[in-house]
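**Q** Quick one, what's the 3D model for this:
(one chain, ligands or ions: 1)
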Amino acid sequence: MSRKKLIAANWKMYKTPDETKRFFADFLPLVSAHDRDEMVVCPPFVDLHVALECVRGERIGIGAQNLYWKSEGAFTGEVSSAMLVALGCTHVIIGHSERRQYFGETDDTVNLKLKAALEHGLTPIVCVGEVLEEREAGLTEDVLRRQCVRAFHALSARKAEALVIAYEPVWAIGTGKTATPKIASEAHILIRGEAAKAFGEQFASQLRILYGGSVKPENSSALMAEPEIDGALVGGASLDPKSFAAIVKY
Ligand code: PGA
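**A** Sure thing, here's the model as predicted:
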């Protein structure tokens, strides 16, 4: 069964609301005829409202970069999945390596966030990936297995239906070093295997696994040509409308 590719932009902590408007003014004409792939842009929280207005009537989803797993409460500084849905967001990135590295996120908080996102009908993009030392020590498979098993804990195939995974080797993020299509494919096969163990073969065969880590217009075609790679999560190269449009149209 063929899986529609998803090309997602992770803007990280870049762009103000005005810069967001300017991005879409330039980006939309470049992709208006593009319906081969699903497109999603994930700006900072403060830009979500403007971004949603910009893409109204377009085939582009807007996602957040994080959420908190409770619906509401005394949790200063946090944003819930219910709030994201109320705003009109359709997607959310969960467990990005920068969240794990700088903001104390763990496999267990990823699981809580994933369950909250699914319960509210958001499409979660759950990030997994090994750091350089783990790869060099031959631990990549163990790390990916652990991240998947814990992320999928206490979820059923039915509940997890909307799940999307992004394989992002941490040594490739923002470094200009891209995983080769072969390295990425091997990791994707392993992740798909873990999804099959947790949710069954049928689920795994439909699961979209994106690649992320220094995706650029120059390497997107080779990566997207791999049958195991179902799209991309793009950081730096998604900030420029021309470059993100070129990646979308690999
Ligand atoms: P990059 O980031 O494309 O700038 O390497 C990818 C990501 O962190 O999602």
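
**Q** ok, V234 touching A246?
**A** No: V234 lies out of contact with A246 (C-beta atoms under 8 Å); the separation is 10.6 Å. All C-beta atoms are positioned from the backbone trio N, CA, C, and that covers glycine.

**Q** Those two: which is more packed in?
**A** V234 (28 against 17; other C-beta atoms under 10 Å).

**Q** roughly how far apart are the more buried one and G174?
**A** Noted for V234: a distance of 11 Å to G174, by C-beta to C-beta, to the nearest Å.

**Q** In this structure, what residue comes closest to the ligand?
**A** Nearest residue of the chain to the ligand, counting by C-beta to the nearest ligand atom: G235, 2.3 Å away.

**Q** ok, now which ones touch that residue?
**A** N10, W11, K12, I173, G174, G212 (C-beta atoms under 8 Å, 6 or more residues apart in numbering).

**Q** from those, which is closest to F152?
**A** Ranked by distance to F152 (C-beta to C-beta), the contacts of G235 are led by G212 at 19.3 Å.

**Q** these two touch, right, that closest one and C127?
**A** Yes: applying C-beta under 8 Å as the test, G212 and C127 come out as touching, 7.1 Å apart.

**Q** so what's in contact with the two at the same time?
**A** A166, E168, L233.

**Q** To which secondary structure element is G61 assigned?
**A** Using DSSP states H and E, G61 falls within strand 60-64.

**Q** ok, now P124?
**A** P124 is part of strand 123-128 when elements are defined by DSSP H and E.

**Q** Each with direction, which strands does that strand pair with?
**A** Strand 123-128 has the following strand partners under DSSP bridges: strand 91-94 (parallel), strand 164-167 (parallel).
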